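Asks: Take a look and give me a structure for this.
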Amino acid sequence: MDVQHFERITAFIEARLTPLFEAETGSERGFAMDDTSRALRALRNSVLEASVVKGLVAQRETADQRMRNVIDQSVEHHWDVLRGIARQWEDHPDFRREFKRHAWELDGVPASA
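Replies: Take a look at the predicted model:
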């Protein structure tokens, strides 16, 4: 798994969420106190939090084995969070098959493939 996998899945989800924060949706740009706005903010925060782990991927190369294990667990967990969110749009034309795969299935598979 590499950083590009995280960048792609995050971009896909953000492209689905961003229009929901626009005034045309009637949700006061997602920043009101109605339940829809709160749910949108919570979902966006979850995506942003999960995508931050991509910074760990680069550190894995120089980490000792114990730290690699921690990084691997964190990467897998956060990928699963993003994967679960992205799969809500499985029928979207921009959905990529890699978004359905588990983290370990992407090991050794360059994102460009």
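Asks: and the helix or strand containing residue 5, which residues are buried?
Replies: Element membership of residue 5, judged by DSSP states H and E, is helix 3-17. Neighbour counts over helix 3-17 (16 or more other Cβ atoms under 10 Å) mark 5-6, 8-10, 12-13, 16 as buried. Every C-beta, even on glycine, is put in place using the N, C-alpha and C of the backbone.
Asks: which one of those residues is nearest residue 44?
Replies: Within the buried residues of helix 3-17, the smallest distance to residue 44 is 8.8 Å, found for residue 13 (Cβ to Cβ).
Asks: Which strand or helix spans the residue lying closest to the closest one once chain neighbours are set aside?
Replies: Leaving aside its chain neighbours, residue 13 sits nearest to residue 47 (5.1 Å; criterion: Cβ to Cβ, 6 or more residues apart in numbering). Assigned by DSSP H and E, residue 47 falls within helix 35-51.
Asks: same question, residue 72
Replies: Element membership of residue 72 [criterion: DSSP H and E] is helix 65-86.
Asks: Give me the contact list for that helix.
Replies: By Cβ atoms under 8 Å, 6 or more residues apart in numbering, the surrounding residues in contact with helix 65-86 are 1, 5-6, 9-10, 12-13, 43, 46-47, 49-53, 56-57, 59-60, 63, 95, 99-104, 106.
Asks: Among the residues you listed, name the buried ones.
Replies: 1, 5-6, 9-10, 12-13, 43, 46-47, 50-51, 53, 56-57, 95, 99, 103, 106.
Asks: For residue 41, see how far away the closest residue to residue 16 other than its chain neighbours is.
Replies: Leaving aside its sequence neighbours, residue 16 sits nearest to residue 89 (Cβ to Cβ, 6+ apart; 5.6 Å). Separation of residue 89 from residue 41 (Cβ to Cβ, to the nearest Å) stands at 19 Å.
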